[in-house]
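Student: Prediction below, plus the sequence it came from.
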Amino acid sequence: MNSRTEYMFHSEFPVHMTFSQQDWLLLAQYWYPIALARDISEQPQATMLLDMPLVIYKFNHEIIVAKDACPHRGVPLSLGTHDGQGVVCRYHGLRFGEKGKCNRIPAHPNHKISDRFHLRTYPTIERYGLIWCCLLADEQDSPNIPDMPYWDQAKYQQLVCPWIDLKCFAGRQLEGFIDVAHFAWVHADTFGDPEHPEVADYTTQETHYGFSADYLSHVGRYPIGLDQFGQEGFQWLRHFEVHLPFTATLTIHFPNDCKQVIMNAASPMTARSTRLFAPICRNYDKDLPIEEAYEYNLKIFEEDRLIVETQKPEYLPLDLSMEAHFPADRSSSMYRKLLRKAGFSQILAA
């Protein structure tokens, strides 16, 4: 056990754990989105990551993410307000400003403030319109944020969809996103084709961050701007890039060199609740109202909700012998194998 892990082991576990200690220590070393950048202001907001209650607020253009508990008596700081010089705790008025440091104790205005009164903060970075956080990162480490193809290219439009809360494990949700066999059955009202449920053969390729997969099919219904995509016999390429543990990008190749990239970033609030973030970039339909794209994206994920919220078992069994598999499951099988290879428990999030 290294010094970083040992420190976390003794003092930084959440009070209420829904993950095993082994899996939590592994999961806490990855970066996850926790908020939309456009939603963050000076006023404190509550969220959760890996069972850890967090508070987010802005101070002098700096975004601060901290444990949502006043160091004095543990009252959530998300219940407080911002007075211009920091977030004020509702219980005793302690105030926290730059880098989460306490700068006022009203009961003792002239006393030197001990370091024990400063907030436990976590490193953050903004990417793809999202605020990313890691609960267990060395300050000298570069943030290992998954790459989103084409996001920074000028000819692509960037869309940051509202987040969606799901009552399921993040691993189950991510596995559903990369599952190509469910299109005809779950997404018949959006892009799936119930008349063509067959899944063509495809392969996966392991990478240093997870794996990739290319899937070709003739199924590619798209209700917005459909006329420009009406090419008979066109094969739709869906290129998946899966980043362990719970993020994947899907690049869809449309006719006429049009492309859309969807990032599926499943942020594990607990082992049974997931906040899903889905930024999108595309080089077509850029003149259409972005609300239409938001609504269509939400409709797709709402179609998935019934499935991921009712799957049994709720956890993700990494032992492949615990469930049946067919050839179209190559991506999910690879996903489970790589999670096991990364050191996660055989039953993840039980």
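Tutor: Cool, the structure landed. Numbering: from 1, shown residues only.
Student: The longest helix belonging to the chain - contacts with which helices or strands?
Tutor: Longest helix in the chain, counting residues (DSSP state H): helix 290-308. Other helices and strands packing on helix 290-308, by 3 or more CB pairs under 8 Å, 6 or more residues apart in numbering; DSSP states H and E, are strand 157-160, strand 164-166, helix 170-177, helix 183-186. Placement of C-beta: from N, CA and C, glycine included.
Student: Would you single out the least confident of these?
Tutor: Ranked by mean pLDDT, the helices and strands packed on helix 290-308 end with helix 183-186 at the bottom, a mean of 90.
Student: what's the spacing between the strand ranked longest in the chain and its chain's center?
Tutor: Counting residues, the longest strand in the chain under DSSP state E turns out to be strand 259-270. Its chain's C-alpha centre and that of strand 259-270 lie 5 Å apart, by CA atoms, centre = their mean, to the nearest Å.
Student: quick check: angle from that strand to helix 290-308?
Tutor: 50 degrees (axes from the mean of the first three to the mean of the last three CA atoms, to 10 degrees).
Student: Tell me the buried residues in the longest helix of the chain?
Tutor: Ala293, Tyr294, Tyr296, Asn297, Ile300, Phe301, Glu303, Asp304, Arg305, Ile307, Val308 (16 or more other CB atoms under 10 Å).
Student: For that helix, what does the pLDDT average out to?
Tutor: Averaged across helix 290-308, pLDDT comes to 93.
Student: Measure how it sits relative to helix 170-177, angle-wise.
Tutor: 110 degrees.
Student: chain center to helix 290-308: distance?
Tutor: The answer for helix 290-308 is 16 Å, by CA atoms, centre = their mean.
Student: Use 390 as the first number for this chain going forward.
Tutor: Yes, from this point I'll number from 390; that puts the last item at helix 679-697.
Student: so how far does stretch 635-646 reach from one end to the other?
Tutor: One end of stretch 635-646 sits 29 Å from the other (CA to CA, to the nearest Å).
Student: Please verify my assumption that Tyr704 contacts Gln735.
Tutor: No. Between Tyr704 and Gln735 there is no contact under CB atoms under 8 Å: 10.1 Å.
Student: Of these two, which one has the most company?
Tutor: A direct count of neighbours by other CB atoms under 10 Å for Tyr704 and Gln735 places Tyr704 higher, at 17 against 12.
Student: Tell me the spacing between that one and Leu414.
Tutor: 18 Å (CB to CB, to the nearest Å).
Student: picking that back up, so what touches the helix or strand following the longest helix of the chain?
Tutor: On the C-terminal side of helix 679-697, the nearest following helix or strand under DSSP states H and E is strand 705-706. Contacts to strand 705-706, defined as CB atoms under 8 Å, 6 or more residues apart in numbering, come from residues Phe558, Gly560, Arg561, Glu564, Glu712, Arg725, Leu728, Gln735, Ile736, Leu737, Ala738.
Student: change it to 6 Å
Tutor: Contacts of strand 705-706 from elsewhere in the structure, counted by CB atoms under 6 Å, 6 or more residues apart in numbering, are Gly560, Arg561, Glu712, Ile736, Leu737.
Student: and the third one, what does it touch?
Tutor: Put plainly, it is Glu712. Listed by CB under 6 Å, 6+ apart, the contact set of Glu712 reads Pro706.
Student: quick one, phi/psi of it?
Tutor: With angles defined as degrees, to the nearest 10, Glu712 sits at phi -140, psi 160.
Student: Tell me where the model's unsure across the stretch 490-639 of the chain.
Tutor: Scanning the stretch 490-639 of the chain for pLDDT under 70 picks out 528-529, 608-622.
Student: helix or strand for the spatially closest residue to Gly482 that is not a sequence neighbour, which one?
Tutor: Excluding its sequence neighbours, the residue lying closest to Gly482 (CB to CB, 6 or more residues apart in numbering) is Pro495, at 4.2 Å. Assigned by DSSP H and E, Pro495 belongs to no helix or strand.
Student: Thought Tyr480 was touching Pro495, still the case?
Tutor: No. With contacts counted by CB atoms under 6 Å, Pro495 stays clear of Tyr480, the gap being 11.0 Å.
Student: From Ile502, how far out is the residue nearest to Gly482?
Tutor: Using CB to CB, Pro495 is found at 12 Å from Ile502.
Student: Same drill for these two, tell me which one is more crowded.
Tutor: Between Pro495 and Ile502, Ile502 has the larger neighbour count (other CB under 10 Å), namely 14 against 11.
Student: Next, that one: phi, psi?
Tutor: The phi/psi pair for Ile502 (degrees, to the nearest 10) reads phi -90, psi 120.
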